[in-house]
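1. Generate coordinates for the sequence data below:
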Amino acid sequence: MSRRTNLGSAEDFCLGCDVLLQSPPRWFRSGRLGLLANQASVNKSLESVKKLIVEAGGNLKCIFSPQHGFYSEKQANMIESADFRDPETGLPVVSLYSQSREPAAEALESIDVLLIDLQDVGTRVYTYTTTIGICLEACARAGKTVALLDRPNPINGTEIEGNIVEPAFRSFVGRYPVPMRHGLTGGEFARFVRATANLDCALEVVAMRGWNRGRSFDELGLDWVYPSPNMPSWQTALLYPGMVLLEGTNISEGRGTTMPFQLFGAPFLDRQRLLEQLKPDLEGVSFRPVTFEPAFDKHMGRPCYGFQIHITDRNVIKPYRLGIALVRALCITHPDHFRWLDPPYEYEREKLPIDILIGSQAIRQMVERGQSIGDIESGWAHDLEKYRQMRQPLLLYPE
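-> Numbering: from 1, shown residues only. Sure, this is the predicted structure:
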C-alpha cells in the first residue's frame, strides 16, 4: 500500500470506552445501565467492555446485541439471533435482530442509561448505525439517556462518497439520509440522527482522544476484532462500500470463503471481457484473477471464476464508485447471465435488493442503460455537498 498519513502516534490514542472507565461520570454507578455491544466491543488491551463495566462498579442490568448476535456468529440477511442469558454475568441479552429490531419498552424500563459500544465500518448499509439510530428513537420515546462510547471510523472520517437514500427506499440498510460512505464515527452518526430526525433524546458521546479524521485503523495501535463474520480485516471494510452491492446480484461477493468482499466471481464469469471493460475505473486497486469455491451462500460448491481485489493506494480508491463501475461492467459484458436478485432482503419484501442497497431505483436504471460513471456520480454531487454541510457542525474530531 502507498503512503500513510502521519497525524499522531498510536500511544496518544484512546478509545471512548477507556475514556469513560478512566473517569466514570456520576450516573455510571448510580444509574441502571444497559449495554448495546458485541464481542468486538473491547478496549485497547482486548478486554471485554461488558466485563470492564461490571468490574468498575457499573450497575449493568441488561445487554442488547445487534445483527450477527452478541458473539458476531450469525451470517447476514435475516439470520436472526435469539435472546439468552449471558453465562459470565448472568444478565439477559436482548437481541435487536429478531422479530423486532428495536428495544422493547419493557426492556428499557429496567434501565436509566443505554451505553452503546459498537465498531462500525463507515458504510451506510452496515446495520450497526441503523440500530444506533433506532435505539435513539426508542430512548427518546421512553425518556432514557444514551451514552455512546465512540470508536474510529476504520476507513477514515474524511472521505464521503455516494448518493443519499431516497425516502421511498428507506430500509434497515438505509434508514437515515446519509451517503454510502458517510465519513462519521458512531458518535457523530448518533448526533446526526438526533439532529436530522429532531429527536428529544439525551445523548452523551464519550469521545475518543487522539483520533484525527484522516487516521486509518492500522495507525492506531489497535488489533482488528471482527465485528461480524464477514468483516475479517479493516481492508475488507475499505472495499465494502462498493463490493456490498454484489449482495443484490447473482455474483458471489466472496461469502463462503476466507476473503469476503475481497474476492468476487461466478461460474459464468468471463474475466478477460470484464477486466477490459473495467480497466478505466481501477483506481487504487488491482484485480488478480482467481478461482474459488464458496463453502456456503451463492454458487456453493461450484468453481467461481473471478478476481481478488488488492488495494494499491488507499488514498486514491473510491470503493463505492468501484462497486457501481463493477455492476455496470457486469451488465454490459454478461447480459445473458448477470441478473439482480429478487426480494426478500433485510426485511424488504417488494423492492429489489439492489435498489435498497443503493437507496435509489434511478441509479440502478442508469447502470442498466450503461450510462457513464461520471454521469452517475454527477447525479448525486449536489445532494452530497448538502450532506457535507449538514454534517459539519456535528463533527467531533479535527481533520
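
2. quick one: Glu80 and Ser41, what's the gap?
-> 20 Å (CB to CB, to the nearest Å). C-betas here are computed from N, CA, C, even on glycine.

3. ok, those two, which is more surrounded?
-> Ser41 (26 against 12; other CB atoms under 10 Å).

4. What are the phi and psi values at that one?
-> phi -80, psi 80 (degrees, to the nearest 10).

5. Was I right to think it contacts Glu47?
-> No: using CB atoms under 8 Å, Ser41 makes no contact with Glu47, being 10.1 Å away.

6. And the pLDDT for Asp297?
-> The pLDDT attached to Asp297 in the predicted structure is 97.

7. quick one: contacts for it?
-> Going by CB atoms under 8 Å, 6 or more residues apart in numbering, Asp297 touches 75, 252, 255-256.

8. which residues in the stretch 1-150 of the chain form strands?
-> 32-36, 59-65, 84-85, 92-95, 113-116, 145-149 (DSSP state E, counting those that start in this stretch).

9. okay if I get those as CSV plus mean neighbour count, distance to Asp336 and mean pLDDT?
-> Converted to CSV, the strands of the stretch 1-150 of the chain look like this (neighbours: other CB atoms under 10 Å; distance: least, CB to CB, whole Å; pLDDT from 0 to 100):
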stretch, mean neighbour count, distance to Asp336, mean pLDDT
strand 32-36, 24, 46, 98
strand 59-65, 22, 43, 97
strand 84-85, 12, 47, 96
strand 92-95, 20, 42, 97
strand 113-116, 26, 47, 98
strand 145-149, 24, 49, 98
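
10. could I get the ones you listed as a markdown table with distance to Leu203?
-> Formatted as a markdown table, the strands of the stretch 1-150 of the chain follow (distance: least, CB to CB, whole Å):
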| stretch | distance to Leu203 |
| --- | --- |
| strand 32-36 | 13 |
| strand 59-65 | 16 |
| strand 84-85 | 29 |
| strand 92-95 | 21 |
| strand 113-116 | 10 |
| strand 145-149 | 5 |
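
11. out of those, nearest to Glu11?
-> Shortest distance between Glu11 and the strands of the stretch 1-150 of the chain, using CB to CB, is found for strand 145-149: 20.2 Å.

12. Could you identify the helix or strand that succeeds that closest one?
-> Next in sequence after strand 145-149, counting helices and strands by DSSP states H and E, comes helix 186-196.

13. That following helix - contacts with which helices or strands?
-> helix 128-142, strand 145-149, strand 203-206, helix 373-391 (3 or more CB pairs under 8 Å, 6 or more residues apart in numbering; DSSP states H and E).

14. Could I get the average pLDDT for that helix?
-> 98.

15. residues of it that come out buried?
-> 186-194, 196 (16 or more other CB atoms under 10 Å).

16. domains for this protein, by residue range?
-> 10-230+390-394, 234-368 (automatic domain parsing).

17. Could you dump the ones you listed into TSV with distance to His382 added?
-> Output for these, formatted as TSV (distance: least, CB to CB, whole Å):
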stretch	distance to His382
domain 10-230+390-394	10
domain 234-368	14
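
18. Among the ones you listed, which comes closest to Ala381?
-> Closest among these, once you apply CB to CB, is domain 10-230+390-394, at 9.6 Å.

19. Between the two ends of that closest one, what distance do you get?
-> Distance across domain 10-230+390-394, first residue to last, is 25 Å (CA to CA, to the nearest Å).

20. residues contacting the closest residue in space to Gln67 that isn't next to it in sequence?
-> Spatially, and ignoring its direct neighbours in sequence, Gln67 is nearest to Tyr97 (4.1 Å; CB to CB, 6 or more residues apart in numbering). Contacts of Tyr97 were listed using CB under 8 Å, 6+ apart, and they are 65-69, 74, 80-81, 127, 131.

21. isn't Met243 right next to Gly265, touching?
-> No: using CB under 8 Å, Met243 makes no contact with Gly265, being 11.8 Å away.

22. more neighbours, these two?
-> More crowded of Met243 and Gly265, by other CB under 10 Å: Gly265, with 28 against 24.

23. residues touching that one, list them.
-> Counting by CB under 8 Å, 6+ apart, Gly265 makes contact with 251-252, 290-292, 304-307.

24. Pick the most buried one from the helices and strands packed on helix 186-196.
-> Using mean count of other CB atoms under 10 Å, the stretch among the helices and strands packed on helix 186-196 with the largest mean neighbour count is strand 145-149, at a mean of 24.

25. quick one: low-confidence parts of this structure?
-> 1-9 (pLDDT under 70).

26. could you redo the last one with a cut-off of 50?
-> For the chain, the stretches with pLDDT under 50 are 1-7.

27. Next one: the residue minimising distance to the centre of it relative to Ala10, how far apart?
-> Nearest residue to the geometric centre of the chain (CA atoms, centre = their mean): Tyr126, 3.0 Å. Applying CB to CB, the value for Tyr126 to Ala10 is 25 Å.

28. same deal with Leu263?
-> Relative to Ala10, and taking CB to CB, Leu263 is found at 30 Å.

29. May I have the distance across stretch 287-300, first residue to last?
-> 23 Å.

30. got the buried residues for that stretch?
-> 287, 290, 292, 294, 297-299.

31. farthest-separated two in the residues you listed?
-> Maximum distance among these (CB to CB): 21.2 Å, for Phe287 and Asp297.

32. Thr123 reaches Arg181, doesn't it?
-> Yes: between Thr123 and Arg181 there is a contact under CB under 8 Å: 6.2 Å.

33. list the residues that contact both of those two?
-> The contact sets of Thr123 and Arg181 overlap at 155, 241 (CB under 8 Å, 6+ apart).
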